[in-house]
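S.K.: Could you look at this predicted model? Sequence included:
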Amino acid sequence: MSADPMDPAAAQGLQEAIREAIAADPEFQGRVAAALAATVPVVPPANTINHSIVIGAGSKVRRSHISLGPLTINNTRNARVSLTAIAALLLALLALAAYGGAQMIAGDDSPRTSIGTSPQSPRTESSAPSAPSGGASTPSTPSGGASAPAVRDAASAERILPRPENLPDGWAFASGSPQKDTCPNGRVGIEKDGTSHDICKGSLLDLRAWYAPGAAAGFDKVHIEVMTYSSHDAAAQGYLGQKAEVANNPPSGVTEEALPSYCEHSAFFSVAYPAISAIGSVAKGEARSVVHCGTVMFSVYVRNEHGSSVDLDTLSALTKTVAARAQQALNGETPTAAFGRS
């Protein structure tokens, strides 16, 4: 049968033909009825037979096959099963569009927590120097550059040196201290393998102070040198140079000590000066530290001129005090840290 689907008589004839084809297989008829029962269009489309199958112009129904435009379906059991599956798929797509297909395509706009992308608090560095246990630290590749905070004002740099009131009772500045010096050109520290490090390159200020610790102390003199630099890298090189200078002078009798580390890098040494002769002289001892804090480098010497023993606890406490004051100056604060044994 071939006719205009808009002709009522032709549509009725086509409906009867489809009914006859479906009625020939009761099982197929049940599947189609069950599949089509769940969905009823709001507005029946044009050229519709039995409220579900759309037949366009040019479609034909014959006894042995059904032609839908360019598609021909043979009226066999396998074809009817395939038609049932296609109808079920179409119904599933219609249900998906009606019950949330749009949300699946557009995405859920409810708040979610994404693993690995949650915001983290910025790292905050303490204004006081850390003091982990272990030996002296050695710098790796220096980090930071000219943008690192620098202490350029002489008065601010001088405050890194502890005042007598920041030290134990009886301590005082030795005559002429503190003093501002100029780091001499050509001052380098040479390591045992011949590697040299420029101590003065990039330096801004060089301040030194001698202290008299008083009769109660088990040592005679304390010397502290504080140097500020224009960049972190220059300070790191200055530290390596000062460390080499301290470790290799004198060429023998210097021992590196394992003490708590401070700031970014620190190293500690004890030095034994043998007596010049058995008569008229005694052995002397020193304890030394070198520390790198940002754009500041400093060293501490504790000297015992009346014996070979060296007070390493005092050296560590003094180093901790100066490190805390250096960090406070770098933070733009007035240094207030005072001496105290840990």
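M.R.: Nice, thanks for sending it over. Residues are numbered from 1 along each chain as shown.
S.K.: Surely residue 19 is within a helix?
M.R.: Yes: the assignment for residue 19 by DSSP: H, G, I helix; E, B strand; the rest coil puts it in a helix.
S.K.: per-residue confidence at it?
M.R.: On pLDDT, residue 19 comes in at 70.
S.K.: Quickly note the distance from it to residue 27.
M.R.: 16 Å (C-beta to C-beta, to the nearest Å). From N, CA and C alone the C-beta is placed, and that goes for glycine too.
S.K.: again with residue 147
M.R.: Separation of residue 147 from residue 27 (C-beta to C-beta): 82 Å.
S.K.: next one: residue 335
M.R.: From residue 335 over to residue 27 (counting by C-beta to C-beta), the distance is 95 Å.
S.K.: These two: who's more crowded?
M.R.: Remark: of residue 335 and residue 27, residue 335 carries more neighbours, 24 against 11, as counted by other C-beta atoms under 10 Å.
S.K.: List the contacts of residue 268.
M.R.: Shown in contact with residue 268 (C-beta atoms under 8 Å, 6 or more residues apart in numbering): 136, 256, 257, 258, 259, 287, 288, 289, 312, 315, 316, 319.
S.K.: Recalculate using a threshold of 7 Å.
M.R.: By C-beta atoms under 7 Å, 6 or more residues apart in numbering, the residues touching residue 268 are 136, 256, 257, 259, 289, 315.
S.K.: Which of those residues fall in helices?
M.R.: Among these, the members falling in helices (DSSP state H) are residue 315.
S.K.: what's the closest of the contacts of residue 268 to residue 267?
M.R.: Proximity of the contacts of residue 268 to residue 267 (C-beta to C-beta) peaks at residue 136, which lies at 3.9 Å.
S.K.: all strands of the stretch 201-342 of the chain, in order?
M.R.: 203-212, 221-229, 254-257, 265-273, 284-293, 296-304 (DSSP state E, counting those that start in this stretch).
S.K.: Make sure residue 222 is actually in contact with residue 213.
M.R.: Yes: the pair residue 222 / residue 213 is scored as a contact, 5.9 Å apart, by C-beta atoms under 7 Å.
S.K.: what is in contact with those two at once?
M.R.: Counting by C-beta under 7 Å, 6+ apart, residue 222 and residue 213 have no contacts in common.
S.K.: Low-confidence bits of the stretch 101-250 of the chain, can you list those?
M.R.: Flagging of the stretch 101-250 of the chain using pLDDT under 70 yields the residue ranges 101-146.
S.K.: hmm, 90 instead?
M.R.: Scanning the stretch 101-250 of the chain for pLDDT under 90 picks out 101-148, 169-170, 181-186, 192, 213-220, 248-250.
S.K.: got the contact list for residue 255?
M.R.: 269, 270.
S.K.: Could you measure from it over to residue 186?
M.R.: Taking C-beta to C-beta, one finds residue 255 at 28 Å from residue 186.
S.K.: For residue 318, which non-adjacent residue is spatially closest?
M.R.: residue 300 (5.2 Å; C-beta to C-beta, 6 or more residues apart in numbering).
S.K.: repeat for residue 229
M.R.: Nearest residue to residue 229, sequence neighbours excluded (C-beta to C-beta, 6+ apart): residue 235, at 4.0 Å.
S.K.: didn't the one you found look like it was pressed against residue 226?
M.R.: No: counting by C-beta under 7 Å, residue 226 is not a contact partner of residue 235; they are 11.4 Å apart.
S.K.: Identify the contacts common to these two.
M.R.: Applying C-beta under 7 Å, 6+ apart, one finds that residue 235 and residue 226 are jointly contacted by residue 296.
S.K.: Quick one: residues contacting the nearest residue to residue 203 once chain neighbours are set aside.
M.R.: Counting by C-beta to C-beta, 6+ apart, residue 183 is the residue found nearest to residue 203 once chain neighbours are left out, at 4.6 Å. Applying C-beta under 7 Å, 6+ apart to residue 183 gives the contacts 199, 200, 203, 206, 227.
S.K.: Can I take it that residue 183 is in a helix?
M.R.: No: Residue 183 is assigned coil when assessed by three-state DSSP, not a helix.
S.K.: can you start the count at 31 instead of 1 from here on
M.R.: Right, with 31 as the first residue, what we last looked at is residue 213.
S.K.: And it, how close does it get to residue 283?
M.R.: Distance from residue 213 to residue 283, counting by C-beta to C-beta: 26 Å.
S.K.: Also residue 369?
M.R.: With C-beta to C-beta as the criterion, residue 369 and residue 283 are 28 Å apart.
S.K.: Ok, residue 274 next?
M.R.: Distance from residue 274 to residue 283, by C-beta to C-beta: 16 Å.
S.K.: Comparing these two, which residue is more hemmed in?
M.R.: Taking other C-beta under 10 Å, residue 274 and residue 283 do not tie; residue 274 has more neighbours (22 against 14).
S.K.: Contacts only, for the nearest residue to the more buried one once chain neighbours are set aside.
M.R.: Leaving out its chain neighbours, the residue that sits closest to residue 274 by C-beta to C-beta, 6+ apart is residue 219, at 3.4 Å. Applying C-beta under 7 Å, 6+ apart to residue 219 gives the contacts 226, 227, 229, 270, 271, 272, 273, 274, 275.
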